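> Predicted model, plus sequence, below.
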Amino acid sequence: MERRFSSIVVAVDLEQRAGDAASFAARLAAPARLRMEIVAEVPRGSTELAARTELGRSIAPARLDLGSCHLLWTDAPGRAVADHVAGRAGALLVTSATTWGSLGPYMLDATAEQILEHAAVPVLVLGPNVAPAPMLATTAIAVADASDVADCAMPVVEAWLRTFPGTAARVVEVLPAASIPACDTSRHVGRYVDRLAERGVAALGEVVRGDQPAPVLVGYAAGIGSAVLVVPTPRWAAESSHWFSTTRRIIHLSTQPVLVVPADLPG
């Protein structure tokens, strides 16, 4: 059976970037004819009228029907959003993220941190350096390494290409500049290229060099043009985790959307 996304859920918090996430999601959903829902995180104590009025102002550029909005009154908005979409097969969660420089240069805002910690669906993140109206991706760039963590990303790459036709796929591995020759390690990339090919999805594979994975990947994606970086990551249980820190930095640095795929994604 072909893998596809079946719906888009947009998580917003009534702040300025709510309109960015909603507009981008609407542009994704329209040509693919995907169901779209907006989940708004509302501070406790706010009235429904006030929340819907503010939400309408925030997402006005997206020209969406407020009837498709679900309000969540919560003190843990990211966790509430993750719970709201839990168990939805084929759902794509879209959100924006800012950073808390005082807590670390790449620390994301509390809502984004909670969403990425608890979400059981792929999460498309518009980081702080993404333009208000980014171009839709023409290339999905899947990040791989010598571990099996990228296994979870391949079904998501397939779903992206089948849902949004006209998108090409690349599988990229970053190796230190002084490491062994690329030809000795490109088998990791080739394994995923072959796996996608077995599913009828054509992809290019490439090894790039650099000692800092995040800026190398962001620069590589920028050189492609309009792209989405597909980053598989384990649960963010410890800051010492390689993918934990790398994923944060990619989201912070990237001028293009980042599709985060939990390593324990169901199915």
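Yep, that arrived. Numbers count the residues shown, from 1 in each chain.
> so what's the closest residue to Ala97 other than its chain neighbours scoring on pLDDT?
Of all residues not flanking Ala97 in the chain, Ala112 sits nearest, at 3.7 Å (Cβ to Cβ, 6 or more residues apart in numbering). In short, each C-beta sits where N, CA and C put it, glycine included. We note a pLDDT of 86 for Ala112 in this prediction.
> isn't there a strand covering Ala112?
No: Ala112 is assigned helix when assessed by DSSP: H, G, I helix; E, B strand; the rest coil, not a strand.
> Strand partners (parallel or antiparallel) of the helix or strand that contains Leu124?
Element membership for Leu124, per DSSP states H and E: strand 123-126. Strand 123-126 has the following sheet partners, assigned by DSSP bridges: strand 91-96 (parallel), strand 258-262 (antiparallel).
> The last one: how far from the chain's middle?
When you say that, I think you mean strand 258-262. The chain centre lies 4 Å from the centre of strand 258-262; the measure is Cα atoms, centre = their mean, to the nearest Å.
> How about stretch 204-223?
For stretch 204-223, the distance to the chain centre is 17 Å (Cα atoms, centre = their mean).
> for stretch 161-177, same thing?
Distance, centroid of stretch 161-177 to centroid of chain: 14 Å (Cα atoms, centre = their mean).
> all strands of the stretch 151-267 of the chain, in order?
Along the stretch 151-267 of the chain, counting by DSSP state E, counting those that start in this stretch, strands occupy 168-175, 204-209, 227-233, 258-262.
> nearest to Val39, of those?
Evaluated over the strands of the stretch 151-267 of the chain, closeness to Val39 peaks at strand 258-262, with 17.2 Å, by Cβ to Cβ.
> what is the orientation angle of the closest one with strand 227-233?
Interaxial angle of strand 258-262 relative to strand 227-233 (axes from the mean of the first three to the mean of the last three Cα atoms, to 10 degrees): 20 degrees.
> model confidence over stretch 158-171, on average?
Mean pLDDT, computed over stretch 158-171, is 93.
> in it, what's buried?
With burial defined by 16 or more other Cβ atoms under 10 Å, the residues of stretch 158-171 counted as buried are Glu158, Ala159, Trp160, Leu161, Arg162, Thr163, Phe164, Thr167, Ala169, Arg170, Val171.
> Now do Val130, the pLDDT please.
On pLDDT, Val130 comes in at 92.
> Just say helix, strand or coil for it.
Going by three-state DSSP: Val130 is coil.
> from what I can see it touches Gln256, true?
Yes: counting by Cβ atoms under 8 Å, Val130 does reach Gln256; the two are 6.5 Å apart.
> and this structure, what are its domains?
Domain assignment for the chain by automatic domain parsing gives 7-126, 139-262.
> Lowest average pLDDT across the ones you listed?
What stands lowest among these, in mean pLDDT terms, is domain 7-126, with a mean of 79.
> can you tell me the distance between the two ends of it?
Domain 7-126 has its terminal residues 18 Å apart, counting by Cα to Cα, to the nearest Å.
> rewinding a little: can you list the buried residues of stretch 158-171 in a markdown table and add distance to Val207?
Converted to a markdown table, the buried residues of stretch 158-171 look like this (distance: Cβ to Cβ, whole Å):
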| residue | distance to Val207 |
| --- | --- |
| Glu158 | 22 |
| Ala159 | 25 |
| Trp160 | 22 |
| Leu161 | 22 |
| Arg162 | 26 |
| Thr163 | 28 |
| Phe164 | 26 |
| Thr167 | 22 |
| Ala169 | 16 |
| Arg170 | 11 |
| Val171 | 10 |
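> Could you check how far the closest residue to Pro77 other than its chain neighbours is from His70?
For Pro77, ignoring the flanking residues on the chain, the nearest one in space by Cβ to Cβ, 6+ apart is Glu41 at 3.4 Å. Glu41 sits 10 Å away from His70, going by Cβ to Cβ, to the nearest Å.
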